[in-house]
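Colleague: Just a sequence and a predicted model for now, questions to come.
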Amino acid sequence: MNTSALSVSERLYRRRRFRNALALILSGLATAFGLFWLIWILWTTLVNGIGALHPHLFTRMTPPPGEAGGLANALFGSFIMSALAIAIGAPIGVLAGTWLAEYARRTRLGEAVRFLNDILLSAPSIVLGLFVYAIAVKPAGHFSAFAGALALALIVLPIVVRTCDEMLQLVPNAMREAALSLGLPQWKVTVRVLWRSARPGIVTGILLALARISGETAPLLFTALNNQYWTANPVAPMASVPVAIFQFAMSPYDDWHALAWAGALVITAFVLLLSLAARWYLHRTRIK
Amino acid sequence: MTAATAILTSDRRRDGAAGDRAFRLLVGGCALLVALALLGTALIMAWGGREAFTAFGWKFLVSTDWDAVNHRFGALVPIIGTVTTAFIAMLLAVPVSFGIALFLTEVAPPWLRTPVASAVELLAGIPSIIYGMWGLFVFVPFMAAHVDPWIDAHLGGLPLIGRFFSGPPLGLGMLTAGVVLAIMVIPFVTSVMREVFLTVPTQLKESAYALGATTWEVAWQIALPYTRQAVIGGIFLGLGRALGETMAVTFVLGNAHELTASLLMPGNSIAATIANEFTEADSELYRSSLIALGFLLFVVTFIVLIAARLMLRRLERRRGLA
């Protein structure tokens, strides 16, 4: 009897050990599974992209099928629209984040706006594109780079609001009290003291927002559309790298596919380096 | 002299008060803009879709028609495509994310945790169009050559569930789209799960270890119940992403407006339909139907995201900030 009780507990013990070992191995496998896709995707992009990389990429316009060309106009368009989007989205985002952190902290209204901002943060980008189509493209009667930038700004906005809000909340209250006790009006305290001490975080947020919009395709499809030629006109349709990639990759032509891969490599490298740089910048300023 | 100083300070004070009022209005107005952007999106989409809603009524939701020539549109095929692909994605992404989060919080040696966590986050940074291209040029041929024939041969003949798994080895289709979505969603769900597992108090875990619990028992019986709500919130956050994802799905789904049971057949999703057809829509009703589809997508993701945020709230509070 004594021995059988021992064997029952022994069996239970073995089963628990076995389960534990199995779970730990599975968790390791899950991690390997996740990293496997990362490596596969990056490797594919790198190999195909490098094969298609050519100086013409940066100097020539997007070609018609069968001709050699580059992505110069698309790169320029992406640059213009991203810059415009940041110029629209970042200031509004910083100000709105300031309101959340400094004027509406722990109020019902503030909580509600913060909540809506979080939803906007994960709203499908194609829906934002449709929204901008309805308010900026349809009334104007034509597609435009400005509409594209507006759609991208709607993606920038919640990211900046959130980081600005969080970073300002991290500023110690002693700083506010010290500045106010010097007789500064609150707005000056905010602009001169709080923004300055939250600056690394806010800049990081803006850089991450830039990384996010540089690869966005869906909201540009029916706002900025596409353009085969070089243009700096903000009220005309404008090319962008992601939309050019979409157009070229979906086409049946091999030379267009090669251009799409080159564009994919440029975009991926830019986005990943930018987000690494943003994190590094924040890390460095934090340590100081 | 003192009088001048007094006037100066009172001037300053008045400037300060006026400045404060103006600044307060400015920042408050910007915050209002954020709220308006979201509410405006909902209203504008509902308004843009009104023609489709009035023309087809409730039948819009259950009709499989998608006929641009005869102007008959129904949302059922894209709705089913969106739901199916998102479901496949979550089926794959949730256990994998849980495994990675477990690995990163309990299993891996400390020196390995940060690099692996950063690598998984890198996966979230890759633009969705890259997933789409990789899916179309690399993953679709791979599925067509290796996975689809195997599934068709081994599962396609089964009674009842066989019809979900039989079909030609096209590579394109619901299953492929679901897998690509899963890869895109994994980093998001993982990072929420990892963060919430880190909030489990050390005393709680150590008490369990002291009683002789294994690592797995601590994770499954202590950490998971303690963080259940936030974990579900993270899963919903991933689901919201999977439902609304456009470009990756557009590449690998096959753009076919046909209702099939088979996961190996091409289909369509709401987002992919809009992306493919919006600029080509040649009638007001066609365009309105696409906007109505967008409205449906918005409403569904809105509900999912609200649920996610409500469940994640406790975590944010516990975490304090950042």
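Modeller: Done, it's in. Source: prediction; values computed, not measured. Residues are numbered from 1 along each chain as shown, chains lettered A, B, ... in the order given.
Colleague: Going by C-alpha atoms from here, please, whenever you check contacts or count neighbours.
Modeller: Noted.
Colleague: tell me the contacts of residue 267?
Modeller: Picked chain A for this. A:Ile267 is in contact with A:214-215, A:241-242, counting by C-alpha atoms under 8 Å, 6 or more residues apart in numbering or on different chains.
Colleague: should've been chain B
Modeller: Applying C-alpha under 8 Å, 6+ apart, one finds that B:Gly267 lies in contact with B:77-78, B:81, B:173-174, B:253-260.
Colleague: circling back: now the contacts of A:Ile267 as CSV including distance to chain B, pLDDT and neighbour count?
Modeller: Shown next, in CSV, are these (distance: C-alpha to the nearest C-alpha, whole Å; pLDDT from 0 to 100; neighbours: other C-alpha atoms under 10 Å in any protein chain shown):
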residue, distance to chain B, pLDDT, neighbour count
A:Ser214, 8, 94, 21
A:Gly215, 5, 92, 24
A:Val241, 10, 94, 27
A:Pro242, 7, 95, 29
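Colleague: Buried ones among the contacts of B:Gly267?
Modeller: Listed as buried from the contacts of B:Gly267 are B:77-78, B:81, B:173-174, B:253-255, B:257-259; burial here means 16 or more other C-alpha atoms under 10 Å in any protein chain shown.
Colleague: would a markdown table of these with distance to chain A and secondary structure be doable?
Modeller: Output for the buried ones among the contacts of B:Gly267, formatted as a markdown table (distance: C-alpha to the nearest C-alpha, whole Å; DSSP: H, G, I helix; E, B strand; the rest coil):
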| residue | distance to chain A | secondary structure |
| --- | --- | --- |
| B:Val77 | 19 | helix |
| B:Pro78 | 15 | helix |
| B:Gly81 | 16 | helix |
| B:Gly173 | 16 | coil |
| B:Met174 | 18 | helix |
| B:Leu253 | 13 | helix |
| B:Gly254 | 11 | coil |
| B:Asn255 | 12 | coil |
| B:His257 | 18 | coil |
| B:Glu258 | 21 | coil |
| B:Leu259 | 23 | coil |
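Colleague: And for the residue in the stretch 201-322 of chain B that chain A sits nearest to, nearest residue in space, chain neighbours not counted?
Modeller: Of the stretch 201-322 of chain B, the residue with the smallest distance to chain A, taken as C-alpha to the nearest C-alpha, is B:Gly244 at 4.6 Å. Spatial nearest neighbour of B:Gly244, chain neighbours left out: A:Pro124 (4.6 Å); criterion: C-alpha to C-alpha, 6 or more residues apart in numbering or on different chains.
Colleague: who's in contact with the closest residue to B:Ala17 other than its chain neighbours?
Modeller: Using C-alpha to C-alpha, 6+ apart and skipping residues adjacent in sequence, the residue nearest B:Ala17 is A:Pro185, 7.0 Å away. Neighbouring residues of A:Pro185 by C-alpha under 8 Å, 6+ apart: B:13, B:16-17, B:19-20.
Colleague: Give me the number of neighbouring residues for A:Glu67.
Modeller: 10 (other C-alpha atoms under 10 Å in any protein chain shown).
Colleague: Give me the packing partners of the helix or strand that contains A:Cys164, helices and strands only.
Modeller: Take DSSP states H and E as the rule and A:Cys164 turns out to sit in helix A:145-170. Identification of packing neighbours for helix A:145-170 by 3 or more C-alpha pairs under 8 Å, 6 or more residues apart in numbering or on different chains; DSSP states H and E yields helix A:72-98, helix A:108-122, helix A:125-132, helix A:195-214, helix B:2-48.
Colleague: rank those by pLDDT, which is bottom?
Modeller: Looking over those, mean pLDDT reaches its minimum on helix B:2-48, with a mean of 83.
Colleague: Could you tell me which residues make contact with the residue nearest the centre of chain A?
Modeller: Central residue of chain A (C-alpha atoms, centre = their mean): A:Arg212, 1.7 Å from the mean position. By C-alpha under 8 Å, 6+ apart, the contact list for A:Arg212 reads A:271, B:125, B:127.
Colleague: Which residue does the stretch 51-200 of chain B have closest to chain A?
Modeller: When scored by C-alpha to the nearest C-alpha, the stretch 51-200 of chain B has B:Gly99 as its residue closest to chain A, at 4.0 Å.
Colleague: Helix or strand for that residue, just tell me which one.
Modeller: helix B:76-102.
Colleague: name the helices or strands packed onto that helix?
Modeller: helix A:2-52, helix B:59-62, helix B:174-198, helix B:224-244, helix B:270-277.
Colleague: average model confidence for that helix?
Modeller: Here helix B:76-102 scores 95 as its mean pLDDT.
Colleague: buried stuff in it?
Modeller: Those would be B:76-90, B:92-102, for helix B:76-102 by 16+ other C-alpha under 10 Å.
Colleague: Run the chain-centre distance for stretch A:164-180.
Modeller: Between the centre of stretch A:164-180 and the centre of its host chain there is 27 Å, according to C-alpha atoms, centre = their mean, to the nearest Å.
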